[in-house]
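*Asks:* I would like the atomic coordinates for the input below:
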Amino acid sequence: MPDYKRATFQDDEGVDVAGDGSASPDSVEVVGFRKGATPLLSRLGSRTQLELVLASASSALLLLASLISLGIQYSKDPSHSTCLTEACITVASKILEALDRDTNPCEDFYQYSCGGWIKRNPLPDGRSKWSTFNSIWDQNQAIMKHLLENATFNSTSEAERKTQRYYLSCLKEQKIGELGSQPLMDLIEKIGGWNITGPWNQNNFMEVLKMVSGTYRASPFFTVYVGADSKCSNSNVIQVDQSGLFLPSRDYYLNKTANEKVLAAYLDYMVELGMLLGGEKVSTQEQMEQVLEFETLLANVTVPQDERRDDEKIYHKITIAELQALAPAIDWLDYMAYALSPLELSDAEPVVVYGREYLQQVSDLINSTDRSVLNNYMIWNLVQKTASSLDQRFETAQEKLLETLYGTKKSCTPRWQTCISNTDDTLGFALGSLFVKATFDRDSKEIAEEMISEIRTAFEESLDELDWMDEKTRQAAKEKADAIYDMIGFPDFILDNKELDDVYDGYEVSEDSFFQNMLNFYNFSAKVMADQLRKPPNRDQWSMTPQTVNAYYLPTKNGIVFPAGILQAPFYARNHPKALNFGGIGVVMGHELTHAFDDQGREYDREGNLRPWWQNSSLEAFKNRTECMMEQYSKYMVNEEHVNGKQTLGENIADNGGLKTAYNAYKAWLRKNGEEKHLPAVGLTNNQLFFVGFAQVWCSVRTPESSHEGLVTDPHSPDKFRVIGTLSNTRDFVEHFKCPVGSPMNPGKRCEVW
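*Replies:* Model (predicted):
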């Protein structure tokens, strides 16, 4: 479930950016998992054939044992209350092999639910994390590979043909290898040179900034985008925020002792790329040290994401003229006019600034820094953004950094997988058209909409039980919940060839030049962004592609989105018990709906506008309850490091509210439809199955380095505590598993917001 910050057009990487201006490859931003391809993204590895064979054999033996026990069990079941369909037997087998029966569920429910899964799922080569989300994304990628490589591919959509051309251009490793560093070297020369590799124009600071940031969509110093105005959600506005760090968080730069190895590996990476592009070793080393020093100064003025959770406090609407006075080192009108060309802009153009003090300090930093360092830093931003589209030497250099930063071993990822991810980031909706037509069960959309309706009803009914909320605020909350706009599966336009082609009209794609395809896309996305400014926000525009294994809530639209990619097992399957569907996709739905009422979402009204709509007494009570949750999660530890309860507050509120809402919706379904049949051999009631199904969605393994990165950057708690923290606050869970007071899963004190 996403970190639902202000949405931008998903242009270059299509990843969510952390609050301090950095992107993490493995963090679970929405429900789950970030699959965008950035220069620092962990490569998607694949399992060995032996691992797959052993896993299949293990499942087959377990299923056989289950079937034998079923015959006995069924003969003793005169009411025939056991489900013996193929789907029930298969899912029962999967649940059984994921469980650790040796663990008491009241001691550690995560280990009880996932211990078997963890044992059977060693971390694949090249991965820093492996989870349900990664597994489903791998399956989706394989489907998309088949569609794009199909010998009979003969689409009537030009956008779909572009998608295939882009993918094939990425696969041409020999062609990419023959070109070597030259495409990027030519680009650097076009921009005015780079002091690291040769002569450079010392008087063109603004020209370089405009091209690097405006044309090629890198983000040195700051990021500029067009999006819905938080305080006037029916209009778009220019927005400016902090940006500019390459490592996942400011902490990596500032906590030098703990991150000594990472900083050394990062510097080696910088030097190696500089030399691959023609730099001399000693000079490159000296200048890259200066760039790293500058990034450290930038990190020092960057505001940590846990201090940016109050949108009311960080929202500042000013004019370009006022922005000029605030941060005079940049000629803002010149920059904006270039980045948003061909629009006519003046000093009076409104701009929403989310990093006021940051921009002021960055302006001072620019004015006090040598121009050669600024130039090196800006071009470095471009280099690290584009290097992944060059030959194998650049990928090898990246892998060395990834090993230090995330603990990943050398990647065994096949090239096609990397290329599918790149294609998804660039032409994701055209690729989504192919994916949806080939895989999506249209009935799933209707069933999902019905489930959302049940979840919404359960949430609204639970509002009546809150003794801390006054009537006026309660009524406004019900109206907001009722107004939440849901989008399921995919946006309709992707199945209309003309509409789909229009979306990508103007984007030129050649099968012969992967690097140029990437540059063309940056240019194209910049034009698309500029085109949005004078138009109202499109309520039906998606920020995720249909094949994405995720979901999100967007406060300015008061909308929730569930792509087709997540509407599959283990989250959802038509023939699975309702207990599992409500414990899976039902909790996801409840999670996203609850985001509308977390510490950030609650600031937005039913129309998606940032404005105060709470009575003071209810707001004070809300904050008291969130304080309890902050303290609870801050006590959890991973490898002797504490979870940041403040940074993860919104997601923790959504996890807790989502689980409670989904379980209430399941109980309502049972009252209406009667008791379900039980799964065979599992030995769980359907109420217990709901909680096990929820927990097994979060089974995962990851490296210690990746765990550290998650604690520093991820707005979500580690997977283990998404299960333990949530369930230990849940009365129904404690009741159905009969956990005694004082046991780890029933500590006696509960934190409850919704």
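*Asks:* going forward, measure contacts between C-alpha atoms and count neighbours the same way
*Replies:* Noted.
*Asks:* Strands of the protein, start to end?
*Replies:* Taking DSSP state E as the test, the strands found in the chain are 129-131, 222-229, 232-242, 316-319, 350-353, 485-489, 552-554, 559-563, 637-638, 641-642, 700-702.
*Asks:* deepest of those, which one?
*Replies:* Of all the strands of the chain, strand 552-554 has the most neighbours on average by mean count of other CA atoms under 10 Å, namely a mean of 26.
*Asks:* Helices of the stretch 201-350 of the chain, start to end?
*Replies:* Under the criterion DSSP state H, counting those that start in this stretch, the stretch 201-350 of the chain contains helices at 205-209, 250-254, 260-276, 281-301, 311-314, 320-326, 332-339.
*Asks:* thinking again about what came up before, need the strands of the chain in a markdown table with mean pLDDT and distance to Gln417, can you?
*Replies:* Listed next are the strands of the chain as a markdown table, based on pLDDT from 0 to 100; distance: least, CA to CA, whole Å:
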| stretch | mean pLDDT | distance to Gln417 |
| --- | --- | --- |
| strand 129-131 | 95 | 16 |
| strand 222-229 | 96 | 29 |
| strand 232-242 | 96 | 32 |
| strand 316-319 | 97 | 42 |
| strand 350-353 | 98 | 38 |
| strand 485-489 | 94 | 23 |
| strand 552-554 | 96 | 25 |
| strand 559-563 | 96 | 20 |
| strand 637-638 | 96 | 31 |
| strand 641-642 | 96 | 34 |
| strand 700-702 | 96 | 20 |
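*Asks:* could you dump the ones you listed to a markdown table with distance to Asn686?
*Replies:* Below are the strands of the chain laid out as a markdown table (distance: least, CA to CA, whole Å):
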| stretch | distance to Asn686 |
| --- | --- |
| strand 129-131 | 24 |
| strand 222-229 | 43 |
| strand 232-242 | 43 |
| strand 316-319 | 50 |
| strand 350-353 | 50 |
| strand 485-489 | 27 |
| strand 552-554 | 28 |
| strand 559-563 | 25 |
| strand 637-638 | 32 |
| strand 641-642 | 35 |
| strand 700-702 | 24 |
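*Asks:* Can you tell me which of the helices of the stretch 201-350 of the chain is nearest to Lys172?
*Replies:* helix 260-276 (20.5 Å; CA to CA).
*Asks:* what packs against that closest one?
*Replies:* Under the contact criterion of 3 or more CA pairs under 8 Å, 6 or more residues apart in numbering; DSSP states H and E, helix 260-276 touches helix 250-254, helix 281-301, helix 392-406.
*Asks:* any chance of those helices in TSV, plus distance to Gln647 and mean pLDDT?
*Replies:* Formatted as TSV, the helices and strands packed on helix 260-276 follow (distance: least, CA to CA, whole Å; pLDDT from 0 to 100):
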stretch	distance to Gln647	mean pLDDT
helix 250-254	14	96
helix 281-301	18	97
helix 392-406	21	93
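*Asks:* Identify whichever of the strands of the chain lies nearest to Lys410.
*Replies:* Among these, the nearest to Lys410 by CA to CA is strand 129-131 (14.0 Å).
*Asks:* Run me through the strand neighbours of that closest one, direction for each.
*Replies:* Applying DSSP bridges, strand 129-131 is found paired with strand 700-702 (antiparallel).
*Asks:* pLDDT weak spots in the stretch 401-550 of the chain?
*Replies:* With pLDDT under 70 as the threshold, the stretch 401-550 of the chain has low-confidence stretches at 411.
*Asks:* Helices along that one, start to end?
*Replies:* Ranges of helices in the stretch 401-550 of the chain, per DSSP H, counting those that start in this stretch, are 415-439, 442-463, 471-483, 497-503, 514-532.
*Asks:* Which among the helices and strands packed on helix 260-276 is found nearest to Glu149?
*Replies:* For Glu149, the closest of the helices and strands packed on helix 260-276 is helix 392-406, at 22.6 Å, according to CA to CA.
*Asks:* Pull the closest one out as PDB, backbone CA atoms only.
*Replies:* C-alpha atoms of helix 392-406 as PDB (Å, rounded to 0.1, in the frame of the first residue of the first chain):
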ATOM      1  CA  GLN A 392      27.600  -4.500 -19.500                       C
ATOM      2  CA  ARG A 393      30.500  -2.700 -17.900                       C
ATOM      3  CA  PHE A 394      28.100  -0.200 -16.300                       C
ATOM      4  CA  GLU A 395      25.900  -3.000 -15.000                       C
ATOM      5  CA  THR A 396      28.900  -4.700 -13.500                       C
ATOM      6  CA  ALA A 397      29.900  -1.500 -11.700                       C
ATOM      7  CA  GLN A 398      26.400  -1.100 -10.400                       C
ATOM      8  CA  GLU A 399      26.300  -4.700  -9.100                       C
ATOM      9  CA  LYS A 400      29.300  -4.000  -6.900                       C
ATOM     10  CA  LEU A 401      27.600  -1.100  -5.300                       C
ATOM     11  CA  LEU A 402      24.300  -3.100  -4.900                       C
ATOM     12  CA  GLU A 403      26.200  -5.800  -3.100                       C
ATOM     13  CA  THR A 404      27.400  -3.400  -0.400                       C
ATOM     14  CA  LEU A 405      24.300  -1.400  -0.200                       C
ATOM     15  CA  TYR A 406      21.700  -4.200  -0.200                       C
END
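*Asks:* quick one: contacts of stretch 481-496?
*Replies:* Around stretch 481-496, the neighbours that count as contacts under CA atoms under 8 Å, 6 or more residues apart in numbering are 429-430, 432-433, 436, 440, 445, 448-449, 456, 459-460, 499-500, 540-542, 545-546, 557-565, 567, 593, 596, 606-607.
*Asks:* Quick one: buried ones out of those?
*Replies:* Buried subset of those (neighbour count, 16 or more other CA atoms under 10 Å): 429-430, 432-433, 436, 440, 445, 448, 456, 459-460, 500, 540, 542, 545-546, 557-565, 567, 593, 596, 606-607.
*Asks:* Tell me the spacing between the closest residue to Leu276 other than its chain neighbours and Tyr338.
*Replies:* Residue nearest to Leu276 in three dimensions, not counting chain neighbours: Ser181, with 7.0 Å by CA to CA, 6 or more residues apart in numbering. Here Ser181 is placed at a distance of 28 Å from Tyr338 (CA to CA, to the nearest Å).
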